[in-house]
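S.K.: Model the structure of this input:
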Amino acid sequence: MRNCVFRRNDFTMKICAMALLIFSAALPVVAQEAERAPVTAAKQVLQKIAAGQFDTVEAQYDARLSAALAPGKLAAAWAGVLEEAGSFDSVVSSSASKSQTIDVVVLVCKFQKRLLDAQIALGPEGKIAGIYFRAHREPPLPWVPPAYAKPDSFTEQPLTLVNGKYELPGTLTMPKGAGPFSAIVLVQGSGPHDQDETIGPNKLLEDLAWGIASRGVAVFRYTKRTQKYGAQSSDDPAKLTVDDETIRDARAAVALLANQAKIDHKHIFLAGHSLGAYLAPRIATGDTQIAGIVMLTANTRPMEQLLVDEVHYVLSLSGTAATESDRKQVAAVEESAKKIESPDLKPGDTVNVLGGTMPASYWLDLRDYHPIDAAKALKIPILILQGERDFQVPPATNFDEWKTAMAGRTNVTLKLYPNLNHLFIIGTSPSVPQEYEKPGHVDEQVVADIAAWVSAGGKFAQ
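M.R.: The predicted structure is shown next:
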């Protein structure tokens, strides 16, 4: 899963266990010329942390961060960073970006054992909105189109998705020709993703858009609401739900696409990846404009259970090298899952997930949602696709459940791809999180299968 307001994509190395705040850390970071004042202020915050002046730093927290992090957590987290990376040396470089009223500064820090990125978010009046340490990432290589894309066969144009007060930038990728064309809306996994679902150097949805449009199907993709609006993705941030984050915008995207010239409004499909796949049956329920759904690595188990399994898997990769901090992280995620599943969880509560807080409303919204039951109630065509090497949504406990539950249903097709990971990129077993930092492309067979299935109206030609 990818990742709702928090970013599980950042859980690619053990050091991510030292997250201090995820919500503000999830704000988009674009490397650019450092802005002098925010960078200077961020360096001063880091210097105070390194000097052990935790009380001084905590006094600079904004209201949200103060509520999320109790006194003393900063000191404990910094101790964990030092345990993993060794003593702090210096700041190597810096960059800054702006997200609404928040300045997001990334300081590349040299420690005794490795480089880490310190991401410090600063709000109005210099208040600290977030602090986050992660393994250092080099700026991603420019995206190169996959070999199966044929840019001469389609055009791209900006298309803004307007849903109430929310305006989300998007792109319509349209095959050349008179049309009308079958079409598909792409929905990202969890996390505040851009319209391409950029993960490291990879752009999952851009691969799909270019590849599918090259095969004669129109594609619309758009920026996720939480990427552009952050905490303001709901009228009341304390009541954020998956309806706010994903579902309403996905339905609005289908309606927008249906009104575009050269689109066959009777053949508009929806393809979701990870969280988007998990929610696809719910998105389609009651929406008669959706002709069928494609579910790219859809989990059957609740998200919090997947997260527990994921951190156990990542910890297992360390073997005997696992640290006490690693084990504490696993314990913290297990505790988060217990709170999410507790009958005592109520609206207005918050849940700490990977060091960041999320409103209980998000989890309560999902509590009674069962994707298999929702999918069974649908009469439209369903295509369920899964990579055999997916450690985040393991086939043995998810895809196999789909196979069993959907056996005998003529409107459902399932396909498992060998050697593909959670991003449908080819590799060798076992899959590891660090794969996501290596450039690759969605496998051509996946692209071809989706395009052929949509073109045939939600089935494969015999």
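S.K.: Can you give me the distance of Gln392 to Ile268?
M.R.: Separation of Gln392 from Ile268 (Cβ to Cβ, to the nearest Å): 28 Å. For the C-beta atoms, the positions are set from N, CA and C on the backbone; glycine is no exception.
S.K.: for Leu307, that is, sorry about that
M.R.: 32 Å.
S.K.: In a strand, Leu186, correct?
M.R.: Yes: assessed with DSSP: H, G, I helix; E, B strand; the rest coil, Leu186 lies in a strand.
S.K.: So it sits against Ala271, correct?
M.R.: Yes: at 5.5 Å, Leu186 counts as touching Ala271 under the criterion of Cβ atoms under 8 Å.
S.K.: which SSE is the closest residue to Val442 other than its chain neighbours in?
M.R.: Distances taken as Cβ to Cβ, 6 or more residues apart in numbering place Asp207 nearest to Val442, at 4.1 Å, with adjacent residues excluded. Applying DSSP states H and E as the criterion places Asp207 in helix 204-213.
S.K.: Just the residues contacting that helix, thanks.
M.R.: 143, 145-146, 148-149, 151, 153-154, 171, 173-175, 184, 186, 188, 195-197, 219, 221, 271, 273, 423-424, 441-442, 444, 447-448, 450-451, 454 (Cβ atoms under 8 Å, 6 or more residues apart in numbering).
S.K.: Inside helices: which ones of those residues?
M.R.: Among these, DSSP state H puts Glu444, Val447, Ala448, Ile450, Ala451, Val454 in helices.
S.K.: who are the neighbours in contact with the third one?
M.R.: Under the criterion of Cβ under 8 Å, 6+ apart, the contact partners of Ala448 comprise Tyr148, Gly211, Arg215.
S.K.: now the fifth one
M.R.: Residues near Ala451 by Cβ under 8 Å, 6+ apart: Gly211, Ile212, Arg215, Gly216, Val217.
S.K.: Equivalent analysis for the second one, please.
M.R.: Taking Cβ under 8 Å, 6+ apart as the contact definition, Val447 lies against Pro146, Tyr148, Asp207, Leu208, Gly211, Ile212, Arg215.
S.K.: quick check, nearest of those residues to His370?
M.R.: The closest of these to His370 turns out to be Leu208 (Cβ to Cβ; 26.9 Å).
S.K.: now the closest one: how far from Ala448?
M.R.: For Leu208, the distance to Ala448 - Cβ to Cβ - is 11 Å.
S.K.: circling back: so how do I select the buried members of the contacts of helix 204-213 in ChimeraX?
M.R.: The buried residues among the contacts of helix 204-213 can be selected in ChimeraX (16 or more other Cβ atoms under 10 Å) with this line:
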select :146,148,149,154,171,173,174,175,184,186,188,195,196,197,219,221,271,273,423,424,441,442,447,450,451,454
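S.K.: among the contacts of helix 204-213, which are in strands?
M.R.: Phe154, Thr171, Thr173, Met174, Pro175, Ile184, Leu186, Val219, Arg221, Ala271, His273 (DSSP state E).
S.K.: Could you report the pLDDT at the second one?
M.R.: It stands for Thr171. With respect to pLDDT, Thr171 scores 98.
S.K.: quick check: domain ranges of the chain?
M.R.: Annotated domains of the chain cover 8-135, 151-297+370-455 [automatic domain parsing].
S.K.: Just put those in CSV and tack on distance to Asp344.
M.R.: As requested, the domains of the chain are exported to CSV (distance: least, Cβ to Cβ, whole Å):
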stretch, distance to Asp344
domain 8-135, 19
domain 151-297+370-455, 18
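S.K.: if you compare those, which one is most tucked away?
M.R.: domain 151-297+370-455 (a mean of 20; mean count of other Cβ atoms under 10 Å).
S.K.: Just the endpoints, please. Distance across that domain?
M.R.: 19 Å (Cα to Cα, to the nearest Å).
S.K.: what's the single longest helix in this protein?
M.R.: helix 324-341.
S.K.: buried set for that helix?
M.R.: For helix 324-341, using 16+ other Cβ under 10 Å, the buried residues are Ser325, Asp326, Gln329, Val330, Ala332, Val333, Ser336, Ala337, Lys339, Ile340.
S.K.: And those residues, which is closest to Ser90?
M.R.: Closest approach to Ser90 among these (Cβ to Cβ): Ser325, at 22.9 Å.
S.K.: separation between the closest residue to that closest one other than its chain neighbours and Val108?
M.R.: Distances taken as Cβ to Cβ, 6+ apart place Gly80 nearest to Ser325, at 4.4 Å, with adjacent residues excluded. Gly80 is 19 Å from Val108, where distance means Cβ to Cβ.
S.K.: And for Gly427?
M.R.: Distance from Gly427 to Val108, by Cβ to Cβ: 28 Å.
S.K.: Likewise for Glu125?
M.R.: Relative to Val108, and taking Cβ to Cβ, Glu125 is found at 26 Å.
S.K.: The stretch 1-150 of the chain: strands as residue ranges?
M.R.: Residue ranges of the strands in the stretch 1-150 of the chain, as given by DSSP state E, counting those that start in this stretch, are 88-99, 102-111, 115-122, 128-135.
S.K.: Quick check: mean pLDDT of the longest one?
M.R.: The predicted model gives strand 88-99 an average pLDDT of 88.
S.K.: That one: partners in the sheet, and parallel or antiparallel?
M.R.: strand 102-111 (antiparallel) (DSSP bridges).
S.K.: can you check the third one too?
M.R.: Its sheet considered, strand 115-122 pairs with strand 102-111 (antiparallel), strand 128-135 (antiparallel) by DSSP bridges.
S.K.: Dump these to TSV, plus mean pLDDT.
M.R.: As requested, the strands paired with strand 115-122 are exported to TSV (pLDDT from 0 to 100):
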stretch	mean pLDDT
strand 102-111	91
strand 128-135	88
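S.K.: Adding distance to Asn299, write the ones you listed out as JSON lines.
M.R.: Compiled in JSON lines, those are given as follows (distance: least, Cβ to Cβ, whole Å):
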{"stretch": "strand 102-111", "distance to Asn299": "30"}
{"stretch": "strand 128-135", "distance to Asn299": "25"}
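S.K.: looking at those, which is closest to Gly458?
M.R.: Of the strands paired with strand 115-122, the one closest to Gly458 (Cβ to Cβ) turns out to be strand 128-135, at 40.9 Å.
S.K.: roughly how far out does that closest one sit from the chain middle?
M.R.: Offset of strand 128-135 from its chain centre (Cα atoms, centre = their mean, to the nearest Å): 18 Å.
S.K.: Repeat that for stretch 281-292.
M.R.: On Cα atoms, centre = their mean, the centre of stretch 281-292 falls 22 Å from that of its chain.
S.K.: cool, and stretch 295-302?
M.R.: Worked out by Cα atoms, centre = their mean, stretch 295-302 lies 14 Å from the chain centre.
S.K.: what's that stretch in contact with?
M.R.: 1, 271-274, 276-278, 280-281, 306, 340-341, 366, 371-372, 382-387, 390, 392-393, 397-398, 401-402, 405, 422, 424, 446.
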